[in-house]
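# let's see this in three dimensions:
(2 chains)
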Amino acid sequence: MRASVVVFPGSNCDRDVAVALRNVSGHAPDMVWHGDSSLPASDLIVLPGGFSYGDYLRSGAMAAHSPIMKEVVRLAARGTPILGICNGFQVLTETGLLPGVLMCNASLKFICRNLTLRVERNDTIFSRHYQEKEIITIPIANHDGNYFADRETLDRLEGENRIAFRYTNARGEADAASNPTGSQNNIAGIYDKNCRILGLMPHPERVSEDLLGGLDGKPLFESLLEVLH
Amino acid sequence: MTLASNTLPDQPLSEEVIAEHGLTSEEYQKIVDILDRHPSLTELGIFSVMWSEHCSYKSSKFWLKTLPVDAPHVIQGPGENAGVIDVGDGDAVIFKMESHNHPSYIEPYQGAATGVGGIMRDVFTMGARPIANMNALRFGAPEHPKTRHLVDGVVAGIGGYGNCMGIPTVGGETNFDADYNDNILVNAMCVGLARTNKIFYSAATGVGNPVVYVGSKTGRDGIHGATMASAEFDENSDEKRPTVQVGDPFTEKLLLEACLELMQQDHIIAIQDMGAAGLTSSSVEMADKGGVGIDLDLDAVPQRELNMTAYEMMLSESQERMLMILRPGSEAEAQRIFDKWGLNFAIVGTTTDTGRLIATHNDHVEADLPVSMLANSAPEYQRPFEEIEQKPVLSVSRFEPPARLSEALLNLLNSPHLCSRFWIWDQYDHTVMGDTIIPPGGDAALVRIHGSDKAIAISTDVTPRYCLADAFEGAKQAVAETWRNITCTGAVPLAITNCLNFGNPERPEIMGQFVAAIKGMREACLALDFPVISGNVSLYNETMGRAIPPTPAIGGVGLLENISQRCSIDFKNVGEDIIVLGEEKCHLGQSLYASFLLGLKDGAPPPVDLEAERRTGEFVHNLISAGEVSAVHDCSDGGLLIALAEMALSGNIGANISIPDEELAHGLLFGEDQGRYVITVPASTTDRIIMEAKKANISARLAGNTAPGQLTLGENDTISLEALKKAHEEWLPNYMSG
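Below you'll find the model as predicted:
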């Protein structure tokens, strides 16, 4: 699996996701500068977490206009898998590759804690190493993780089974207490219509090593490795 | 470029102007003597910041020199941007703690944020990538009308800066006390990692080398911040808001990456961040350390605002700026890197052999000053001090026992002093960088050295109520507790930084607290081989004559050679034995039981027996290394029962606690005797471990065993973990939403 991790000014989880990819695949990904206009041949493009452009204007809004994003959009149209984590998810919505927007958390505060998620489907290239409806624990660390879309978009996402992960309690119930960001429909992550693009707020790369408090993020990378080799 | 210095005006400045700069008339006369003329206004400004308490340590220097600073693993002690220790394999750990008290009270978000930004610059200017942030916060009484607003702003500011930088904030401590109502303390610590052969220092050397300014543009913010930090507050303190700087963590993230990229190569002779007193202190200190002069062309300084004067540029404390001396010929490559990161890069001067700082602006010499006199001739005061008063040790019989032990426990856990700090650290990204092994909530945080099997343990500690009762014992205790917390993780404590927060040193009783604290710190550092490698002094923390309690915050760092030999506080298994190590004397004086539950603030704090401290700590260290213990926690605030409750709540496993003497129960469970640890061990090893402890001259007692679901105290006093958890977790969020 040849992966490229895009580095924007202000990205700060680029190293973390590179380590997780290397640990799973045995290959260090290419780190690609946002100002470049082309990517090395890639089986997977990762937009990492962080504060690209300091989150100024709106999270992900400026990064969406980086030179490299033209190429990312072009490759996305040709089916290259894209994973956007946290700020990367925000960039994907700002680019229009995924619908909706990530607003300020309902508490108006940064939140860094482990949350339980339900894996909504396990038949995508990102999720095949999970069980269907498996309950996993992955941390979030964001200020703007409150997913919002209009009713029509939400209905379409739900109808097309494009919710990747949902915040739930340990019993798998999507209640308000399990959703401190305030996301609509408890959405933690969504797919594009072909399930080749995944955007999620939780950080699977932070729970891909037992020493760091969990392994629930690792199957996501293992799923990609199985499909992309 | 240099014009003759006699073009500078030789006019006396008014007494009012001198006083506005925080200088005494004697200090002004000293300046006139040094220059053999009257200073220009810009020169007066430069002297005033260099000679401020904040930059010159004029009241504290004499005593700071008595602290132990050496050990075989110390690469750099006090005197640089931060201290450096060797942790083996070519790795160096660089760390420092610094206060941002006055600005945080005036504007809590920006004050705290720029405190974090400043301390990170101190660390990465030396070539280290920051790997962990810590903090030590003191707020006023919860019922004080400003407290909630200050807590909210400070916590958001710390998080806002560190989170954006992508450096985990892994722990700290927070106190609430009415004595901080008008003077909160925000002490921020940063720990970074470098290679021992790639450490960068601040001594400018050579003549004709380019002086380069990088980072943000200079604005009018923060002018006289250092002077403000060297004065008391009064009823008009709110008017000082314009002296608080505004932080931009995004720019600092770029500055970090650009500096580290440039540091990969051999272009930098010297580098220093522009922190307090900005361009003035960075240029003067770099020139002084290298024994050179610097010519500064202020027209070349990147400016954010129009028509800035030399005075403003020299004194601005705009954030996210660095000053470097480059090797000649390195300018183009350095500029390429800073251009890539979108940062300002400007050659603003050259090093000279004149030994003078000469600043020109619009073809006028605005300042022409002797560097060495500026840096080294600040007045040094041996201020008069009063010996602190010894308080009597009160016996346990002076303290009323509670009606029910479990109820006292519940009340303490549900107090501002011992409640869960989750509401705070939830706002700090503590897992970014993928190396946090023990997150906030343990004794010390444990952060892996990236790509290795080693880890760094970090803890910040001080108990202000002990220091108020006895600054000598309190400071000793602060060092010992830091050492103990690091020991609990399995790491070997290596060195400390400190942040010495006190009131007005011109008052003999405050100076007496300072002197006593230094003596106590010195004694503990010597006994525990725990040298001071960096630090900061914050004086004048008082308002309308009311001072804060002496608060010598200690930030310690230890090394764990092998992460498999670590320990944490949470109970791991039901049915294990619980052993208390260390002498139990039922010392309730200055305990939280006495002060919070009984309202008694008399008596001496618990004394620290440093020999026993070391013996017990080394014994615990060996148990952890040998894999003999499943959990370790020290007894600190609140005593043994609080330690047990925290272990139970962390592991979600309860315990049966024996009470060997009903009469002394409250002393045993809530006494704050020092040098004690709680450990859990398999029952089959209990007798052997207790015997080994006694052989090593360490008190040891079987205190109970772990059990499901609840804490049982003695025969029939039980309380469920659920009730404990609720009490522990609800206080702070309820308070903050109030």
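# which residue sits closest to the residue of chain A most remote from its centre, ignoring its sequence neighbours?
Farthest-out residue of chain A from its mean C-alpha position, per CA atoms, centre = their mean: A:Arg171, at 23.4 Å. Of all residues beyond its chain neighbours, the one nearest A:Arg171 is A:Ile135 (7.9 Å), with distances taken as CB to CB, 6 or more residues apart in numbering or on different chains. (C-beta placed from N, C-alpha, C; glycine too.)
# same deal with A:Lys70?
Nearest one to A:Lys70, counting by CB to CB, 6+ apart, is A:Ser37 at 7.1 Å.
# can you check A:Val72 too?
Counting by CB to CB, 6+ apart, A:Val72 lies nearest to A:Ile45, which is 5.8 Å off, once chain neighbours are set aside.
# can you map out the strands along chain A?
Taking DSSP state E, the strands of chain A run over residues A:3-7, A:30-33, A:44-47, A:82-85, A:101-103, A:111-119, A:135-142, A:146-148, A:163-167, A:187-191, A:197-200.
# go on, the stretch 601-738 of chain B?
Using DSSP state E, counting those that start in this stretch, the strands found in the stretch 601-738 of chain B span residues B:631-634, B:654-657, B:677-681, B:700-707, B:710-713, B:717-720.
# so can I have JSON lines of those strands showing mean neighbour count?
Shown next, in JSON lines, are the strands of the stretch 601-738 of chain B (neighbours: other CB atoms under 10 Å in any protein chain shown):
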{"stretch": "strand B:631-634", "mean neighbour count": "25"}
{"stretch": "strand B:654-657", "mean neighbour count": "23"}
{"stretch": "strand B:677-681", "mean neighbour count": "25"}
{"stretch": "strand B:700-707", "mean neighbour count": "20"}
{"stretch": "strand B:710-713", "mean neighbour count": "21"}
{"stretch": "strand B:717-720", "mean neighbour count": "16"}
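# now these as TSV including distance to chain A and mean pLDDT?
Below are those laid out as TSV (distance: least, CB to the nearest CB, whole Å; pLDDT from 0 to 100):
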stretch	distance to chain A	mean pLDDT
strand B:631-634	17	98
strand B:654-657	20	98
strand B:677-681	21	98
strand B:700-707	22	98
strand B:710-713	21	98
strand B:717-720	19	97
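# OK, contacts around B:Met373?
B:Ile34 (CB atoms under 8 Å, 6 or more residues apart in numbering or on different chains).
# what does B:Thr551 give?
With CB under 8 Å, 6+ apart, B:Thr551 has these contacts: B:Arg138, B:Leu185, B:Val462, B:Pro464, B:Cys467, B:Leu500, B:Asn501, B:Phe502, B:Asn541.
# now do the contacts for residue 208.
Picking chain A for this. By CB under 8 Å, 6+ apart, A:Ser208 lies in contact with A:Ala20, A:Asn23, A:Val24, A:Leu215, A:Gly217, A:Lys218, A:Phe221.
# should've been chain B
B:Pro328, B:Thr350, B:Thr351, B:Thr352.
# quick check: chain neighbours aside, which residue is closest to the first one?
Okay, so that is B:Pro328. B:Asn209 (6.0 Å).
# any low-confidence regions in the chain?
As the question left the chain open, I've gone with chain A. Under the criterion pLDDT under 70, no range of chain A is flagged.
# the chain in question should be chain B.
Short version for chain B, where the test is pLDDT under 70: B:1-6, B:225-231, B:235-243.
# if you set the cut-off to 50 instead, what comes out?
Counting by pLDDT under 50, the ranges of chain B that qualify are B:1-6.
# for it, which residues are neighbours of chain A?
Neighbours of chain A within chain B, by CB under 8 Å from any CB of the partner chain: B:156, B:159-160, B:163-166, B:248-251, B:253-254, B:340-342, B:425-437, B:439, B:448, B:563.
# which residue is the nearest non-sequential neighbour of residue 138?
In the absence of a named chain, this looks at chain A. The nearest residue in space to A:Ile138 (CB to CB, 6+ apart) is A:Pro202, at 3.9 Å.
# look at chain B instead
Once flanking residues are discounted, B:Arg138 sits nearest to B:Leu185: 4.0 Å by CB to CB, 6+ apart.
# residues in contact with the one you found?
Residues near B:Leu185 by CB under 8 Å, 6+ apart: B:Ser99, B:Asn101, B:Ala136, B:Leu137, B:Arg138, B:Asn501, B:Ser538, B:Asn541, B:Ile548, B:Thr551, B:Ala553.
# who wins for neighbours among the residues you listed?
With neighbours taken as other CB atoms under 10 Å in any protein chain shown, the top of the contacts of B:Leu185 is B:Thr551, carrying 34 neighbours.
# how about that residue, phi and psi?
phi -130, psi 80 (degrees, to the nearest 10).
# so what sits opposite it in the bridge?
For B:Thr551, the beta-bridge partners are B:Asn501 (DSSP bridges).
# ok, which residues in chain A are in contact with chain B?
A:9-10, A:12-13, A:15-16, A:19-20, A:35, A:49-51, A:53-56, A:109-113, A:139, A:141, A:143, A:203, A:205-206, A:209, A:211-213.
# buried among these? Need that as a selection in PyMOL.
A single PyMOL command selects the buried members of those (16 or more other CB atoms under 10 Å in any protein chain shown):
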select buried, chain A and resi 9+10+12+13+15+16+19+20+49+50+51+53+54+55+109+110+111+112+139+141+143+203+205+206+209+212+213
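# in helices, which of the residues of chain A next to chain B fall?
Judged by DSSP state H, helices contain the following of the residues of chain A next to chain B: A:Arg15, A:Asp16, A:Val19, A:Ala20.
# got the contact list for the first one?
So that's A:Arg15. Taking CB under 8 Å, 6+ apart, we find A:Arg15 in contact with B:Met433, B:Gly434.
# what about the residue nearest to B:Ala310 when sequence neighbours are not counted, how many residues close to it?
Of all residues not flanking B:Ala310 in the chain, B:Glu366 sits nearest, at 3.6 Å (CB to CB, 6+ apart). For B:Glu366, the count of nearby residues is 24 (other CB under 10 Å).
# got the phi and psi for the residue of the stretch 51-200 of chain B found nearest chain A?
For the stretch 51-200 of chain B, the residue closest to chain A is B:Gly166, as judged by CB to the nearest CB, at 2.4 Å. Reported as degrees, to the nearest 10, the phi and psi values for B:Gly166 are phi 80, psi 30.
# that one and B:His430, how far apart?
Look at B:Gly166 and B:His430: by CB to CB, to the nearest Å, they are 12 Å apart.
# re the thing from before, among the contacts of A:Ser208, which ones are buried?
A:Ala20, A:Val24, A:Gly217, A:Lys218, A:Phe221.
# for the residue in the stretch 201-350 of chain B that chain A sits nearest to, give me its contacts.
When scored by CB to the nearest CB, the stretch 201-350 of chain B has B:Phe250 as its residue closest to chain A, at 2.7 Å. By CB under 8 Å, 6+ apart, the contact list for B:Phe250 reads A:Pro9, A:Gly10, A:Phe51, A:Tyr53, A:Gly54, A:Asp55, A:Tyr56, B:Cys164.
# ok, of the residues you listed, which one's closest to B:Leu262?
A:Pro9 (16.1 Å; CB to CB).
# tell me who's in contact with the closest residue to that closest one other than its chain neighbours.
Excluding the flanking residues, the one nearest A:Pro9 by CB to CB, 6+ apart is B:Leu254, at 5.7 Å. B:Leu254 makes contacts with A:Pro9, A:Gly10, B:Trp341, B:Gly342, B:Leu343, as judged by CB under 8 Å, 6+ apart.
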